[in-house]
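Peer 1: no sequence for this one, just the structure:
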């Protein structure tokens, strides 16, 4: 039966990708078929998991000689995900990749993250700019995918290789998520996902109720595992009528996921729930009239509000299915069977017009921020304290609140604040009534101090960018990831008078002395990092509290 499934998949890959996959490097007829199927299958996997079209998916292929175990690279800017795929076409439909190939993939991933592009072929080197762009964004998650047309089992040896990779990448905080895409999942995806067929779903609802007038709807709670399974099988198709697709790892979605993983029993109380539409809805006879549990069949199901909730739960399920099984989510499903033509569109619009509030928005309630805004205005500097749709220029007359908080955090002697700014900057303003925010923004902070700190941070960023452009490999990676650490050391070197004293000739110091300090600190940081942590991934060093404390101890 597995071989039959492989043949079904082969036919679909030929239909989808026969004119889109480059196999010009094949040396024989056997190579041509194997290269095509391996690469087409990697494209298909991306098309399903990343919800992209066939042309975009096929352009992600980097498979070839000297690919270092990576067959596809795709950066999803909207969802902030960097996809790294290894593809194995197994004709028999049984077995799994051998441990040697999985280890090669592991080594390729670590080489890529350390920007060792000299170890890759021209196709991978062609992706260098987007890989760097992805790794420069602290919110980007790396989706590591092993896709193969074999059994759903995974050997202990292969599991150990992947666990070692994740342990390395996710120290000290989670950066990477692993996915296996086996023949079972690939074959199941053939039905509906690529052809755009409507979603027909059986939904188990607990403590359900119904509304019959003026239109028909049911409501209740759905278990997290059932919701994650629905998302896993359908992904972006679930949200085709939503104003927004799942937007990946935003600050809000991180909170949703953290609640799902750490407080699943409270998820129902913290979350606003989900609204879905369907063309028809009926209850299965199982359970009769008992309202404790009901099984409902929804035809052409679409989630129109709650995409971030569903996507975040789906991602959390990949990390810890057991925890997700403990949570329940409120869901409302409206049948459009007897509704006016525009009713579904109106539901979508109305359920999505509530303004989303970020934790950052609460910063504007801090009176100290209002004081800083007034003081900066007296210096003819516009302090952008609240979110707006306008584009904010980072120039001599504008700065924004995230800049000020980040710069002042790095100006503190405590290196932990600079590391926090690097690994998860939102934690700095998570609660404006508590540390670390109150250590950073308080009555002692002046507009002069804030503005000078921002200017120094911008200068450090600019100088590191220039060094990055002229470097390669681990050196380039260091210039990308050391920015907050270097900024903290620079502030330690210049002293508080430079920041606080309004009579100090800051402009002259900025032009003549500061550039030398930045250069010296940067080169010392790079040298000492390699001496202390030559085998550590560079990005991981500057997100690790212990390693940064050790490194700073040698530089002071």
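Peer 2: That came through fine. Note that this is a predicted model, so its numbers are computed, not measured.
Peer 1: in this protein, which segments are predicted with low confidence?
Peer 2: For the chain, the stretches with pLDDT under 70 are 1, 191-197, 236, 240-253, 287-289, 353-359, 387-392.
Peer 1: buried sites along the biggest helix by length in it?
Peer 2: Secondary structure of the chain per DSSP state H: the longest helix is helix 447-469. Residues 447-457, 459-460, 463-464, 467-468 are the ones in helix 447-469 that count as buried (16 or more other Cβ atoms under 10 Å). Backbone N, C-alpha and C define where each C-beta goes, glycine included.
Peer 1: And for it, what's in contact with it?
Peer 2: Residues from elsewhere that reach helix 447-469 (Cβ atoms under 8 Å, 6 or more residues apart in numbering): 132, 372, 375-376, 378-379, 381, 394, 399, 403-404, 406-408, 410-411, 476, 479-480, 482-483, 486-487, 490-491, 494, 498-500, 502, 506, 510, 514-515, 518-519, 522.
Peer 1: can I assume residue 334 is in contact with residue 212?
Peer 2: No. Using Cβ atoms under 8 Å, residue 334 makes no contact with residue 212, being 11.9 Å away.
Peer 1: who's more crowded, the two?
Peer 2: Set residue 334 next to residue 212 and count neighbours by other Cβ atoms under 10 Å: residue 334 wins out with 23 against 8.
Peer 1: Surely the more buried one is within a helix?
Peer 2: No. When DSSP: H, G, I helix; E, B strand; the rest coil is applied, residue 334 is found to be strand, with no helix at that position.
Peer 1: so what's it up against?
Peer 2: By Cβ under 8 Å, 6+ apart, the contact set of residue 334 is 215, 216, 217, 275, 276, 277, 278, 344, 347.
Peer 1: Let's see that with 10 Å instead.
Peer 2: 211, 215-219, 275-278, 281, 298, 304, 343-344, 347, 351 (Cβ atoms under 10 Å, 6 or more residues apart in numbering).
Peer 1: what's across from it in the sheet?
Peer 2: Beta bridges link residue 334 to residue 217, residue 277, judged by DSSP bridges.
Peer 1: Roughly how far does it sit from residue 18?
Peer 2: Distance, residue 334 to residue 18, by Cβ to Cβ, to the nearest Å: 42 Å.
Peer 1: Equivalent analysis for residue 26, please.
Peer 2: 14 Å.
Peer 1: For stretch 532-552, what is the distance to the chain centroid?
Peer 2: 22 Å (Cα atoms, centre = their mean, to the nearest Å).
Peer 1: Can you point out the buried residues in that stretch?
Peer 2: In stretch 532-552, counting by 16+ other Cβ under 10 Å, buried: 533, 536-544, 547-548, 551-552.
Peer 1: now do stretch 202-220
Peer 2: For stretch 202-220, burial by neighbour count (16+ other Cβ under 10 Å) applies to 203, 204, 205, 208, 216, 217, 218, 219, 220.
Peer 1: contacting residues for the nearest residue to residue 291 once chain neighbours are set aside?
Peer 2: Excluding the flanking residues, the one nearest residue 291 by Cβ to Cβ, 6 or more residues apart in numbering is residue 208, at 5.8 Å. Counting by Cβ under 10 Å, 6+ apart, residue 208 touches 218-222, 283, 287, 290-296, 331, 333.
Peer 1: in the sheet, who's paired with residue 302?
Peer 2: residue 277.
Peer 1: hang on, the earlier thing: compare the contacts of residue 208 and tell me which is most surrounded.
Peer 2: If you count neighbours using other Cβ under 10 Å, the busiest of the contacts of residue 208 is residue 333, which has 25 neighbours.
Peer 1: Was I right to think that one contacts residue 277?
Peer 2: Yes. Using Cβ atoms under 10 Å, residue 333 is in contact with residue 277, at 7.6 Å.
Peer 1: For those two, list the residues in contact with both.
Peer 2: 217, 298, 301, 303.
Peer 1: And for the second one, nearest residue in space, chain neighbours not counted?
Peer 2: Take residue 298 and drop its neighbours on the chain: the residue closest to it by Cβ to Cβ, 6+ apart is residue 278, 4.0 Å away.
Peer 1: my guess is that neighbour meets residue 200, correct?
Peer 2: Yes. Using Cβ under 10 Å, residue 278 is in contact with residue 200, at 9.1 Å.
Peer 1: between these two, who's got more neighbours?
Peer 2: Neighbours around residue 278 and residue 200, counted as other Cβ under 10 Å, are more numerous at residue 278. The numbers are 24 against 14.
Peer 1: Pick out whichever of residue 26 and residue 18 has more residues nearby.
Peer 2: The residue with more neighbours, out of residue 26 and residue 18, is residue 26; 15 against 10, by other Cβ under 10 Å.
Peer 1: So the more buried one: helix, strand or coil?
Peer 2: Relying on three-state DSSP, one would call residue 26 coil.
Peer 1: ok, the nearest residue to it once chain neighbours are set aside to residue 87 distance?
Peer 2: In space, and not counting its chain neighbours, residue 26 is closest to residue 32: 4.2 Å by Cβ to Cβ, 6+ apart. Distance of residue 32 to residue 87, computed by Cβ to Cβ: 16 Å.
Peer 1: And residue 508, by the same measure?
Peer 2: 59 Å.
Peer 1: Those two: which has the busier surroundings?
Peer 2: Each of residue 508 and residue 87 has its neighbours counted (other Cβ under 10 Å); residue 87 has more, 26 against 9.
Peer 1: now the more buried one, nearest residue through space, not along the chain?
Peer 2: Nearest one to residue 87, counting by Cβ to Cβ, 6+ apart, is residue 42 at 3.6 Å.
Peer 1: show me what contacts that neighbour?
Peer 2: 21, 57-58, 60-63, 70-72, 74, 83, 85-89, 145, 147, 181.
Peer 1: Got phi/psi on it?
Peer 2: phi -60, psi -40 (degrees, to the nearest 10).
Peer 1: Roughly how far does it sit from residue 135?
Peer 2: Applying Cβ to Cβ to residue 42 and residue 135 gives a distance of 21 Å.
Peer 1: The protein: strands as residue ranges?
Peer 2: Ranges of strands in the chain, per DSSP state E, are 72-76, 81-88, 141-148, 176-181, 200-211, 217-223, 274-278, 280-283, 293-299, 302-305, 328-335, 382-384, 398-400.
Peer 1: could I get those as a markdown table with distance to residue 366?
Peer 2: Shown next, in a markdown table, are these (distance: least, Cβ to Cβ, whole Å):
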| stretch | distance to residue 366 |
| --- | --- |
| strand 72-76 | 35 |
| strand 81-88 | 33 |
| strand 141-148 | 30 |
| strand 176-181 | 35 |
| strand 200-211 | 41 |
| strand 217-223 | 37 |
| strand 274-278 | 33 |
| strand 280-283 | 47 |
| strand 293-299 | 46 |
| strand 302-305 | 31 |
| strand 328-335 | 33 |
| strand 382-384 | 12 |
| strand 398-400 | 15 |
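Peer 1: bridging residues for residue 144?
Peer 2: Beta-bridge partners recorded for residue 144 (DSSP bridges): residue 84, residue 178.
Peer 1: That one and residue 166 touch, don't they?
Peer 2: Yes. The criterion here is Cβ under 10 Å, and residue 144 meets it with residue 166 at 7.9 Å.
Peer 1: shared neighbours, the two?
Peer 2: 106, 176, 177, 178.
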